[in-house]
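Participant: Structural data only, the sequence is not supplied:
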């Protein structure tokens with residue numbers, strides 16, 4: 001027994017020593033919107049009105065008694081926890097507060113210098129993008145280390161399955177493939193590598209949310225305007241800055257490592273005086289013009305499944321992504337085809353059109369892009385401008401904005417119920433724009449004896465051509481990013497769900513349709529997995545092919561007889577229900593507000609405007625270059641010309657300086673010798689310099705030549721006299 005206790009105490013001390021001393025990379029993993037049950041919270045740092053992430057991170061990192069810490073963004077404070085989850089996932093629970101849980105980890109591999117290296121999401125997966133699957137991985141930490149050490153591809157995320165000890169590595173993430181990121185009931189964690197290089201082409205922009213804020217600020221700085229604040233976000237190296245909020249009145253710029261993907265759509269709330277910005281999807285377009293057509297090509301690093309279409313002819317001129325990385329759409333200049341697709345002739349030799357890049361195959365959302373295209377057919381140089389006008393108010397060819405209808409059909413169920421689309425203040429909207437935060441409300445008469453829950457919520461285009469399911473037949477959201485589900489409002493029987501305004505590509509009308517089911521007193525919420533509850537119908541088991549409902553002969557005393565005959569008992573819900581076969585319906589009009597992106601040819605590597613030099617409208621005569629190349633070439637030509645001119649002037653000056661000396665030398669020689677000045681003589685010596693001083697010319701032999709010449713003349717004269 002004593003040996004056993006000694007062994008147990010030694011094991012405890014060993015685990016504690018391992019926890020306190022890390023011989024690798026000591027860092028943190030972050031989990032958003034959770035807290036740790038059974039953990040004691042000790043105040044670590046607070047600074048009202050400022051951000052606390054950096055100070056909390058540094059203090060916990062420097063302390064051996066801080067296995068984890070929790071940031072409370074609402075109160076600008078953080079707390080040291082006396083324990084961590086230690087792979088006990090049951091201790092991690094969701095919370096309504098705006099919190100981030102940071103757990104200290106020790107990775108035995110080299111890593112980047114980030115405040116936290118992994119972002120972890122309990123119970124989520126990225127389906128269909130496993131590039132490497134490794135079995136017999138004993139811990140989540142080992143899976144994280146494998147992702148950091150991967151060399152064959154850039155590992156941006158990983159998944160660790162606890163039951164099978166399986167590690168799945170992927171070159172994708174929840175931001176590059178948002179439609180494949182979803183909750184699961186399996187015991188799996190999603191792990192996002194913060195050391196991976198993020199793909200940020202110059203065409204990446206920020207979506208703006210006026211008078212809103214996400215509330216997860218990690219760094220606060222001062223900026224003169226929103227653009228400068230965005231540049232600071234781009235330059236942040238302590239963490240991956242995904243969003244920022246700018247306060248115009250004070251110039252405060254609050255940078256955040258979260259966005260509505262990590263924190264959820266409900267995290268973005270109204271706040272006067274604040275404008276919230278978060279990264280939008282990036283696009284890379286190229287344009288090729290010929291004498292007959294213009295072809296725009298969308299290049300994506302990942303398979304594209306959305307739509308590429310003309311702004312004024314979404315149905316007639318479109319192409320749908322077929323899961324390839326290159327998607328093309330061609331517009332012809334022939335008169336009939338141009339009129340069909342909205343190709344306009346701006347002036348002589350100039351054609352233009354507007355193409356829309358829609359990432360979702362059915363609906364248009366904030367972050368989609370519209371790009372104005374130009375083709376120039378003139379000799380000489382043409383500069384393609386990088387400034388384009390914003391699209392018209394609508395993207396469906398001019399459908400006006402009218403007051404939406406919020407009136408329930410005349411055939412609504414007997415209990416008083418209505419469907420409304422409202423703002424955050426509860427007012428019916430009179431038109432909205434893409435990305436605006438809206439609320440879908442199903443309201444019940446307060447005096448009614450019934451509760452409600454909803455299922456089969458659909459959004460349908462105004463032309464009834466397109467539709468998308470928002471709630472399935474269970475009442476659970478099909479895509480929580482688009483519509484996160486319905487929740488019961490406090491102290492009422494009403495249901496409400498928040499979402500960002502979206503629209504369909506060829507109409508501004510969006511009609512919502514939902515089936516409502518009534519319960520005596522209150523309806524039980526349905527469990528949709530990962531702790532998500534929605535007031536909808538519970539999923540049936542395979543045995544539900546056999547009917548298990550029965551009619552109640554004796555209604556409860558408080559149920560009116562008019563409804564009693566329609567009540568049935570559903571044992572899957574465990575309560576009596578009243579089915580309604582007539583759905584509620586309402587519609588709204590959504591302005592496009594689609595951001596008009598800048599045209600950028602991928603061949604242009606600089607951030608400057610591109611220059612297209614055209615010949616006679618032939619492909620082989622097109623020369624594509626950039627402004628830096630043009631400027632450098634011009635400077636080189638000018639420099640060469642200056643060198644030639646300088647050389648010529650120097651030669652001319654040297655020639656003129658040497659000619660008088662030669663004349664003087666010839667005259668001097670003729671004076672003594674009487675010979676012609678054309679007789680060759682040694683050239684006069686020139687001055688040269690050595691460092692900073694000049695040296696005199698070497699002694700000349702002219703005097704010796706002169707003496708000899710005089711002696712010769714004297715002999716000749718004597719001979720002639722004799």
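Facilitator: Structure's in. What do you need? Keep in mind that what you see is a predicted model, and the values were worked out from it rather than measured.

Participant: tally of neighbours for residue 21?
Facilitator: Using other Cβ atoms under 10 Å, residue 21 has 10 other residues around it. C-beta: built from backbone N, CA, C; applies to glycine.

Participant: Show me where this structure has its helices.
Facilitator: Secondary structure of the chain by DSSP state H: the helices cover 2-20, 53-62, 140-149, 226-235, 335-341, 561-564, 627-673, 702-721.

Participant: rank the ones you listed by pLDDT, which is bottom?
Facilitator: Ranked by mean pLDDT, these bottom out at helix 2-20, with a mean of 41.

Participant: residues in contact with residue 46?
Facilitator: By Cβ atoms under 8 Å, 6 or more residues apart in numbering, the contact set of residue 46 is 52, 75, 76, 77, 78.

Participant: if you set the cut-off to 10 Å instead, what comes out?
Facilitator: 52, 55, 56, 72, 75, 76, 77, 78, 79 (Cβ atoms under 10 Å, 6 or more residues apart in numbering).

Participant: Please convert the buried members of those into ChimeraX selection syntax.
Facilitator: Buried subset of the contacts of residue 46, written as a ChimeraX selection, criterion 16 or more other Cβ atoms under 10 Å:
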select :52,56,72,76,77,78,79
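
Participant: Identify those among the contacts of residue 46 that sit within strands.
Facilitator: Counted as lying in strands by DSSP state E, out of those, are 72, 77, 78, 79.

Participant: between the residues you listed, which is nearest residue 421?
Facilitator: residue 72 (33.1 Å; Cβ to Cβ).

Participant: what's the distance between that closest one and residue 278?
Facilitator: Using Cβ to Cβ, to the nearest Å, one gets 22 Å for the distance from residue 72 to residue 278.

Participant: same deal with residue 284?
Facilitator: 20 Å.

Participant: Likewise for residue 88?
Facilitator: From residue 88 to residue 278 the distance is 33 Å (Cβ to Cβ).

Participant: coming back round to it: dump the contacts of residue 46 into JSON lines; add distance to residue 304 as well.
Facilitator: Output for those, formatted as JSON lines (distance: Cβ to Cβ, whole Å):
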{"residue": "52", "distance to residue 304": "41"}
{"residue": "55", "distance to residue 304": "43"}
{"residue": "56", "distance to residue 304": "41"}
{"residue": "72", "distance to residue 304": "41"}
{"residue": "75", "distance to residue 304": "43"}
{"residue": "76", "distance to residue 304": "42"}
{"residue": "77", "distance to residue 304": "44"}
{"residue": "78", "distance to residue 304": "42"}
{"residue": "79", "distance to residue 304": "45"}
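
Participant: Nearest to residue 527 among the contacts of residue 46?
Facilitator: residue 72 (27.9 Å).

Participant: Tell me what the closest one is bridged to.
Facilitator: residue 77, residue 99 (DSSP bridges).

Participant: ok, now residue 417?
Facilitator: Here residue 417, judged by DSSP bridges, has bridge partners residue 444.

Participant: Residue 483 versus residue 277, what's the distance?
Facilitator: 23 Å.

Participant: Give me the local confidence score for residue 476.
Facilitator: Residue 476 is given a pLDDT of 86.

Participant: same deal with residue 536?
Facilitator: On the pLDDT scale, residue 536 gets 48.

Participant: returning to that earlier point: comparing residue 88 and residue 278, which shows the higher neighbour count?
Facilitator: A count of neighbours by other Cβ under 10 Å puts residue 278 above the other of residue 88 and residue 278, at 22 against 12.

Participant: so who does that one touch?
Facilitator: With Cβ under 10 Å, 6+ apart, residue 278 has these contacts: 206-209, 214, 233, 242-245, 256, 258-261, 268, 366-367.

Participant: Same check on residue 325?
Facilitator: Counted by Cβ under 10 Å, 6+ apart, residue 325 has contacts 298, 299, 300, 301, 302, 303, 304.

Participant: hmm, 8 Å instead?
Facilitator: With Cβ under 8 Å, 6+ apart, residue 325 has these contacts: 299, 300, 301, 302, 303, 304.

Participant: Likewise for residue 52?
Facilitator: So residue 52 contacts 45, 46, 71, 76, 77, 78 (Cβ under 8 Å, 6+ apart).

Participant: From residue 196, how far off is it?
Facilitator: The value you get for residue 52 to residue 196, if Cβ to Cβ is used, is 27 Å.

Participant: same thing with residue 92?
Facilitator: From residue 92 to residue 196 the distance is 24 Å (Cβ to Cβ).

Participant: got it, and residue 453?
Facilitator: Residue 453 is 41 Å from residue 196, by Cβ to Cβ.

Participant: So between the two, which is more surrounded?
Facilitator: Using other Cβ under 10 Å, the more surrounded residue of residue 453 and residue 196 is residue 453, with 27 against 18.

Participant: Give the bridge partners for the more buried one, please.
Facilitator: Beta-bridge partners of residue 453, as defined by DSSP bridges: residue 517.

Participant: Verify the stated contact: it with residue 517.
Facilitator: Yes: counting by Cβ atoms under 8 Å, residue 453 touches residue 517, with 5.8 Å between them.

Participant: quick one, what contacts residue 188?
Facilitator: So residue 188 contacts 123, 124, 125, 159, 160, 161, 162 (Cβ under 8 Å, 6+ apart).

Participant: residues touching the closest residue to the fourth one other than its chain neighbours, list them.
Facilitator: With Cβ to Cβ, 6 or more residues apart in numbering as the criterion, residue 159 has its nearest non-adjacent residue at 4.3 Å, and that residue is residue 168. By Cβ under 8 Å, 6+ apart, the contact list for residue 168 reads 130, 132, 133, 134, 158, 159, 160, 161.

Participant: That's all I had, so thanks and see you.
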